[in-house]
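*Asks:* From the sequence below, what's the structure:
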Amino acid sequence: MNYLDVTLMAISRAPIEKLKAYKKRMEWGFPYVSSNRNDFNLDFGFAMTEEQMASPEMAGMVKNPAEWLQEWSRSVGTDLATGMREGPGWNVFARENGVVYHTYSRTAPDRFMLVPFFHQLLDQVPRGRGTEEDFPMLRHDEY
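*Replies:* Alright, predicted model coming up:
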C-alpha cells in the first residue's frame, strides 16, 4: 500500500506459508513477510528471548501488571506474557538517494500504542497521515 511515498509492510516470525494464507484470508494488499529464519524481530526489540522474559523487571510486569498493561494485552488479543515476548510495534525507514535509514522504532508494551494503529502509524512518517478520505480504514474478518 503506497500513500504519500509510504509503504506499509508487515513482518511476523511465523513461517511464510502461514502468513500468506492469513494475508489472503484477510484480503490484505500490502507486503507481508516472514522473519522466521532471522533475528530481525530480536534485533529491533520486537521479540524477547526466554532469558530476557525471566529478568526480574519483565517477570514483575507479567506477575503484577498495571491496569494499562492488562488493557494492552486485551487490545492485541493475547495474554500479557505472549504479547510482551512477541510484541507488536513498528519501525520507520526512510530511503534517500538509494540509502535506507532507520529513523524510528516503537515497541510494545506501550501504554499509548493500543489498537487501532492507523493514525499512530501515519503520524510517524515524514509527511503525516493526510485525511480519512486519503486513506480510509477498513475493518475485516476478526478485527
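*Asks:* Number of residues surrounding the closest residue to Trp72 other than its chain neighbours?
*Replies:* With sequence-adjacent residues excluded and distances taken as CB to CB, 6 or more residues apart in numbering, Trp72 is closest to Pro109, at 5.2 Å. For glycine as for every other residue, the C-beta is placed from the backbone atoms N, C-alpha and C. Summarising burial for Pro109: neighbours were counted as other CB atoms under 10 Å, giving 19.
*Asks:* didn't Pro109 look like it was pressed against Gly87?
*Replies:* Yes. Taking contacts as CB atoms under 8 Å, Pro109 lies within contact range of Gly87: 6.4 Å.
*Asks:* any shared contact partners between these two?
*Replies:* Listed contacts common to Pro109 and Gly87 are nil; contacts here mean CB atoms under 8 Å, 6 or more residues apart in numbering.
*Asks:* most remote residue from the chain's center?
*Replies:* Seen from the C-alpha centroid of the chain, the residue lying at the greatest distance (CA atoms, centre = their mean) is Asn97, 26.8 Å away.
*Asks:* Check the gap between that one and Met9 for me.
*Replies:* From Asn97 across to Met9, the span is 21 Å (CB to CB, to the nearest Å).
*Asks:* Check whether the residue nearest to Trp72 sits in a helix, strand or coil.
*Replies:* Of the three states, Pro109 takes coil according to DSSP: H, G, I helix; E, B strand; the rest coil.
*Asks:* Tell me if Glu17 really is in a helix.
*Replies:* Yes. Glu17 sits within a helix when classified using three-state DSSP.
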